[in-house]
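[1] Dropping a prediction and its sequence here:
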Amino acid sequence: MVTTETLENGLRLVTDEMPHMRSSSVTVWVGAGARYEDPEINGVSHFIEHLLFKGTRKRENNLKISEAIEGVGGMLNGFTNKEATCYLVKVPSDQFALGLDVLADMVLGPLFDPDAVERERGVVIEEIKMVRDRPDSWVHVLLEELVWPGQALGRSVAGTEEVIRSVSREAVLDYFESLYQPKNIVVSVAGKVSRQEVKDAVAGQFARKAGERRRGFARAVERTEGPAVKVEKRDTKQANLALGLSGYERLHPRRYVLELLNVVLGWGMSSRLFQEVRVRRSLAYSVGSQYSAYLDTGIMRVYAGVDPKNGPAAAQVILEQLARMRDEKVSEEELRKAKDFYKGSLALRLEDTLNLALRNGEHMVLTDKIIPVEEVMRKVEAVTAQDIADVAGELFKKEKLSLAAVGPFENEDEMAGALRGSVI
């Protein structure tokens with residue numbers, strides 16, 4: 001049973017009672033991500049996430065923080081994305097209070113010790129270098145720059161080496177104070193806990209936190225001219241391709257149509273892309289698609305790792321499969337399989353207390369409401385083959401195409417030709 005409530009200071013609380021479980025998961029969500037950052041502080045949300053693990057008023061260093069959770073067999077982590085930052089623990093149910101205490105301590109009492117700040121710069125820079133050195137990751141950074149040029153959504157969550165080296169501790173603290181505010185925080189708990197137990201514990205930890213400062217973000221602006229291509233030459237044995245198109249925002253009424261389109265197109269080994277690009281034509285080892293929804297926009301992307309000489313051919317086949325989604329209705333059998341795949345994978349994910357806490361918290365911090373799983377299932381079940389064709393026709397247009405490639409290409413023309421001759 002899921003309940004939501006708001007504390008007097010504006011902090012939102014979600015409790016999902018699961019009395020049959022042996023674990024409890026606690027997630028603390030903050031509406032702070034890359035799209036809230038100006039260029040000169042790009043990466044600060046992610047930098048702060050790292051710093052909150054480095055020491056607090058109660059636990060002066062990373063070892064004390066990690067030992068508290070790992071000492072009871074639990075796990076502790078955090079992540080940052082374009083629109084939010086999340087801190088999470090999963091512990092045995094009788095250790096719920098400890099798990100909450102550690103996260104509250106991190107969010108409410110971080111030290112931002114000057115020496116720790118300087119040391120962690122190097123860690124984050126190494127992470128940035130790691131992404132840069134992995135073409136299969138870097139190609140997605142290039143793609144997002146093409147889809148949202150000059151915009152926060154188009155910048156890397158981790159930021160750049162230059163910004164992380166130069167951003168001041170004062171700028172970090174100012175950003176922290178502007179977004180780590182009660183009205184911008186959600187605590188989401190799932191597991192063997194009671195609503196009253198959770199409310200009392202969260203109120204005891206967070207009730208004294210006050211503050212009203214908030215930052216906003218600029219709405220995404222779609223690129224009007226296209227298609228766009230960016231090729232980065234690398235002396236690699238494999239070429240990495242990422243093709244992107246605009247998608248629907250998180251609460252768009254046709255979101256679940258696009259979710260099912262994505263399943264048919266490129267989710268799993270039975271998808272059209274996998275069967276056509278890998279199985280039938282042997283053009284790639286790795287190929288698939290992904291749909292990501294944000295508050296005011298979205299992105300549909302296809303990724304493939306191919307032999308460089310097959311780059312243009314692979315791109316052409318991918319575009320042909322996109323056109324098929326628009327021009328040919330999926331069969332009733334294929335649609336039924338896609339619905340069962342989507343619903344089944346969702347149901348399996350939500351058997352875990354952590355996945356439930358994450359889902360509920362993300363919904364609440366971004367949209368201030370939780371879409372019941374039953375409602376999602378109904379919307380998925382209502383999708384028709386005509387709906388999928390209509391959405392493909394609306395979104396899959398040549399002028400909206402973006403293609404990023406990393407590999408031993410001599411120039412952009414090798415890949416741009418595939419887009420110029422695109423059948424969509």
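    It's in.

[2] Let me see the contact set for residue 291.
    Residue 291 sits next to 247, 258, 259, 261, 262, 298, 299, 300, 301 when contact means Cβ atoms under 8 Å, 6 or more residues apart in numbering. For glycine as for every other residue, the C-beta is placed from the backbone atoms N, C-alpha and C.

[3] In what element of secondary structure is the fifth one found?
    Looking back up the chat, that one is residue 262. According to DSSP states H and E, residue 262 maps onto helix 255-266.

[4] Give me the next element, helix or strand, following that helix.
    Following helix 255-266 in sequence order, the next helix or strand is helix 272-273 (DSSP H and E).

[5] Give me the residues contacting that following helix.
    For helix 272-273, the external contacting residues (Cβ under 8 Å, 6+ apart) are 264, 265, 266, 287, 288, 289, 302, 304, 318, 321, 324.

[6] cutoff 10 Å now
    263-267, 284, 287-289, 302-304, 317-318, 320-322, 324-325, 330, 334 (Cβ atoms under 10 Å, 6 or more residues apart in numbering).

[7] Tally up the residues packed near residue 399, please.
    Counted with other Cβ atoms under 10 Å, the neighbours of residue 399 add up to 12.

[8] Make sure it is actually in contact with residue 420.
    No. Using Cβ atoms under 10 Å, residue 399 makes no contact with residue 420, being 12.0 Å away.

[9] Mutual contacts of those two, please.
    Common contacts of residue 399 and residue 420 (Cβ under 10 Å, 6+ apart): residue 227.

[10] what's the domain layout of the chain?
    If you go by automatic domain parsing, the domain ranges for the chain are 2-206, 228-420.

[11] what would those look like in TSV with mean pLDDT and distance to residue 218?
    Formatted as TSV, those follow (pLDDT from 0 to 100; distance: least, Cβ to Cβ, whole Å):
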stretch	mean pLDDT	distance to residue 218
domain 2-206	97	7
domain 228-420	95	10
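
[12] ok now do residue 94, which residues does it touch?
    Applying Cβ under 10 Å, 6+ apart to residue 94 gives the contacts 22, 23, 24, 72, 192.

[13] Ramachandran coordinates for the second one?
    The reference is to residue 23. With angles defined as degrees, to the nearest 10, residue 23 sits at phi -120, psi 160.

[14] and what of residue 231?
    phi -120, psi 130.

[15] What are the buried residues along stretch 190-209?
    190-193, 195, 198-199, 201-203, 205-206, 209 (16 or more other Cβ atoms under 10 Å).

[16] Which of the contacts of residue 94 are buried, as a PyMOL select command?
    Burial among the contacts of residue 94 is assessed by 16+ other Cβ under 10 Å; the matching PyMOL selection reads:
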select buried, resi 23+24+192
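
[17] Pick out whichever of the contacts of residue 94 sits closest to residue 174.
    Lowest distance from residue 174 to these (Cβ to Cβ) belongs to residue 24, with 34.3 Å.

[18] returning to what we had before: tell me the helices and strands packed up against the helix holding residue 262.
    If contacts are counted by 3 or more Cβ pairs under 10 Å, 6 or more residues apart in numbering; DSSP states H and E, helix 255-266 sits against strand 239-247, helix 272-273, strand 284-293, strand 298-306, helix 311-327, helix 332-349, helix 373-382, helix 385-395.

[19] Contact partners for the residue most central in space within the chain?
    Computing the C-alpha centroid of the chain and ranking residues by Cα atoms, centre = their mean puts residue 81 first, at 5.3 Å. Residue 81 sits next to 33, 34, 35, 45, 46, 157, 292, 294, 362 when contact means Cβ under 10 Å, 6+ apart.

[20] now the end-to-end length of stretch 301-317.
    End-to-end distance for stretch 301-317, by Cα to Cα, to the nearest Å: 15 Å.

[21] buried set for that stretch?
    301-308, 310-312, 314-317.

[22] rewinding a little: can you tell me which of the contacts of helix 272-273 are buried?
    263-267, 284, 287-289, 302-304, 317-318, 321-322, 324-325, 330, 334.

[23] circling back to that earlier point, could you export the contacts of residue 291 as a markdown table, including distance to residue 353?
    As requested, those are exported to a markdown table (distance: Cβ to Cβ, whole Å):
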| residue | distance to residue 353 |
| --- | --- |
| 247 | 30 |
| 258 | 29 |
| 259 | 24 |
| 261 | 31 |
| 262 | 27 |
| 298 | 28 |
| 299 | 30 |
| 300 | 31 |
| 301 | 30 |
